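Novice: fold the following for me, if possible:
(one chain, ligands or ions: 1)
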Amino acid sequence: MTTTSATSSSSDELLLPYDEAVQRFDPVLGLEVHVELSTATKMFCGCGTAFGAEPNTQVCPVCLGLPGALPVVNEAAVESAIRIGLALHCDITPWGRFARKNYFYPDMPKNFQTSQYDEPIATNGYLDVELDDGTTYRVAIERAHMEEDTGKSLHVGGSTGRIHGAEYSLVDYNRAGIPLIEIVTKPLTGAGERAPEVARAYVATLRDLLRALGVSDVRMEQGSLRCDANVSLRERRDDDQDAVPLGTRTETKNVNSLRSVERAVRYEICRQGARLVAGDVIVQETRHWHEDSGLTTSGRVKSDAEDYRYFPEPDLVPVAPDAAWVEHLRTTLPEPPAQRRRRLQQDWGFTDLEMRDLVNAGATELVEDTVAAGASPAAARKWWSGELARRANAEGQELASLPVTAEQVAQLAGLVESGRINDTIARQVLDGVLAGEGSPEEVVTARGLEVVSDDGALGAAIDRAIEANPDVAEKIRGGKVAAAGALIGAVMKEMRGQADAGRVRELVLERLT
Ligand SMILES: [Zn+2]
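Specialist: A predicted model of the protein is given here:
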């Protein structure tokens, strides 16, 4: 690979306003998604794959590339690769070899990466993605191929965490050899101003699909699903847009959240637009995405991928999946997530918007589990896409990684439904559950959080509220029932939210009308 170092550009990069950029240019995308498979062992050896283990504790002569070590293909990884290919409507190759992709990186102990080159396991498929406006964009898939992940370097002593300026570097080979599937789209044209949304929707749809297949834990924040976004712009022409040649593309590497995928594509459209308008040329290069500042900076200039010297891997037998096995795998594919969503939406009676919010929050399965645990669909939706989504957001966490189970949310909803607690108390109960104090029942008991609906206890508080607000009481006596809200509010405040508001209202009106 030929690389030359390029100076880092910074935030003083000129940007064309987005609307103007997409008016003058037609954005073309190419998305490459790397998926770490959640197999128990690595791609070519028996080492474990647990995330976050002590550095270099999950390694052996094979994944360290020691002389004489012989790799063996992990059948579970091949099966996952075929299932992914089938779910993406691809052709599955009847016979394909692995290849050595030669390049030097300190985090690649063998000095080559075992990958697939001209004989990928799956080719020529598509994935339909639904956009926010309800329309569908068909993403054409070029190929999906199997490879292995590299290790991880940690550069210590510098201010940026990059190798430049670091005092020394550490390498962890636990990740080296973890099975990866790389899914590559064809150039995606015709998305126009919706290109950033298409990019996000594609990665989101792919993530849902991979999750439904159970082949990966698809945690973008842990790097088990990573997206490289290629963006180029071409002149807009009124007549035959497809005849316009593609522009030079840049590749923004390792974008690791859905939101960032959309932002990074949008940024590149604005940046390249400004360059082109100024008469500059776009340099083919990889770029880094900076989550905090929302911009990309130049990585390395890349002349072409063909600089990697590929040659067939002599140590591995070809992958030749039996046709009957492939057909068996085809018949056992899960219901496609989009179809499943439509079915669930109908069962639950949610509006399109409600359903989309759930999906965007990654809450579909959680709601399904919560309904299965006894909650009504409306209550399950309310908690997961309301209070819990808000808390997950505030902590920058995925909804599913909050320390609360579907059963607990169902129990919480049940407590509200039965009137034992109200919404205000429920939020306090949730605090306790999230803090590890136990189930909602246990938190209610331990914290003494039950709703007070005992008329005697409420009566005294109501008397005090009437006494403190004589003018309001007078209005109610005069027939202005709507004024009761002020008294109910005063009672609720005195009871610190722990009263049955409905019962308070009844008692207030009983006394004054
Ligand atoms: Zn190993």
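Novice: for this structure, what lies in contact range of the ion?
Specialist: Proximity of the chain to the ion (C-beta under 5 Å from the ion) is limited to residues C45, C47, C60, V62, C63. C-beta coordinates here come from the backbone N, C-alpha and C atoms, glycine included.
Novice: now, the most widely separated pair of the residues you listed?
Specialist: Within the residues of the chain next to the ion, C47 and V62 form the most distant pair, 7.7 Å apart (C-beta to C-beta).
Novice: list residues touching both of the two?
Specialist: G177 (C-beta atoms under 8 Å, 6 or more residues apart in numbering).
Novice: quick one on the thing from earlier: which among the residues of the chain next to the ion count as buried?
Specialist: Neighbour-count burial (16 or more other C-beta atoms under 10 Å) is assigned, among these, to C45, C47, V62, C63.
Novice: dump the residue contacts of the first one.
Specialist: In other words, C45. Here C45 is in contact with C60, V62, C63, A69, P71, V72, G177 (C-beta under 8 Å, 6+ apart).
Novice: just read off the phi/psi values of it.
Specialist: Reported as degrees, to the nearest 10, the phi and psi values for C45 are phi -150, psi 180.
Novice: I'd guess D347 is in a strand, am I close?
Specialist: No. Remark: D347 does not belong to a strand; assigned using DSSP: H, G, I helix; E, B strand; the rest coil, it is helix.
Novice: residues of the one helix or strand I141 maps to that come out buried?
Specialist: Assigned by DSSP states H and E, I141 falls within strand 136-148. Going by neighbour count (16+ other C-beta under 10 Å), the buried part of strand 136-148 is Y137, V139, I141, E142, R143, A144, H145, M146, E147, E148.
Novice: I'd say the last one and K42 touch.
Specialist: Yes. E148 is in contact with K42 according to C-beta atoms under 8 Å; the separation is 7.2 Å.
Novice: any residues in contact with both of these two?
Specialist: Joint contacts of E148 and K42 (C-beta under 8 Å, 6+ apart) are C63, G177, I178, P179.
Novice: give me the number of residues near the residue of the stretch 201-350 of the chain at minimum distance from the ion?
Specialist: Closest residue of the stretch 201-350 of the chain to the ion, C-beta to the ion: D315 (14.2 Å). Using other C-beta atoms under 10 Å as the criterion, D315 is surrounded by 13 other residues.
Novice: surely it touches L70?
Specialist: Yes. The criterion here is C-beta under 8 Å, and D315 meets it with L70 at 5.6 Å.
Novice: please, which helix or strand holds A324?
Specialist: Residue-wise, A324 maps onto helix 323-331 under DSSP H and E.
Novice: any buried residues in that helix, and which?
Specialist: Quick answer for helix 323-331 (16+ other C-beta under 10 Å): V326, L329.
Novice: helix or strand right after the strand holding I141?
Specialist: Using DSSP H and E, the next helix or strand after strand 136-148 towards the C-terminus is strand 152-156.
Novice: which helices and strands sit right next to that following strand?
Specialist: strand 168-172 (3 or more C-beta pairs under 8 Å, 6 or more residues apart in numbering; DSSP states H and E).
Novice: run the angle between the following helix or strand past the strand it packs on and strand 136-148 for me.
Specialist: Downstream of strand 168-172, the next assigned helix or strand under DSSP H and E is strand 179-185. Counting by axes from the mean of the first three to the mean of the last three C-alpha atoms, to 10 degrees, strand 179-185 lies at 150 degrees to strand 136-148.
Novice: ok, back up a step: residues touching the helix holding A324, excluding its own?
Specialist: Here helix 323-331 makes contact (C-beta under 8 Å, 6+ apart) with E79, I82, R83, L86, I92, P94.
Novice: picking that back up, what secondary structure does the residue of the stretch 201-350 of the chain closest to the ion sit in?
Specialist: Of the three states, D315 takes coil under three-state DSSP.
Novice: separation between it and E147?
Specialist: 15 Å (C-beta to C-beta, to the nearest Å).
Novice: cool, E221 as well?
Specialist: 22 Å.
Novice: what's the answer for I121, then?
Specialist: The value you get for I121 to E147, if C-beta to C-beta is used, is 10 Å.
Novice: got it, and R259?
Specialist: Taken as C-beta to C-beta, the span from R259 to E147 is 27 Å.
Novice: the residue lying closest to V283 once chain neighbours are set aside pairs with what?
Specialist: Excluding the flanking residues, the one nearest V283 by C-beta to C-beta, 6 or more residues apart in numbering is V301, at 6.1 Å. For V301, the beta-bridge partners are T4, E285 (DSSP bridges).
Novice: contact partners for D91?
Specialist: By C-beta under 8 Å, 6+ apart, the neighbours of D91 are G85, A122, T123, N124, G125.
Novice: quick check, C60 in a helix?
Specialist: No. C60 is assigned coil when assessed by three-state DSSP, not a helix.
Novice: so it makes contact with C47?
Specialist: Yes. Using C-beta under 8 Å as the test, C60 is close enough to C47 to be in contact (5.2 Å).
Novice: and the next helix or strand past the lowest-mean-pLDDT helix or strand in the chain?
Specialist: When the helices and strands of the chain are scored by mean pLDDT, DSSP states H and E, strand 3-5 comes last with a mean of 36. Using DSSP H and E, the helix or strand that follows strand 3-5 towards the C-terminus is helix 18-24.
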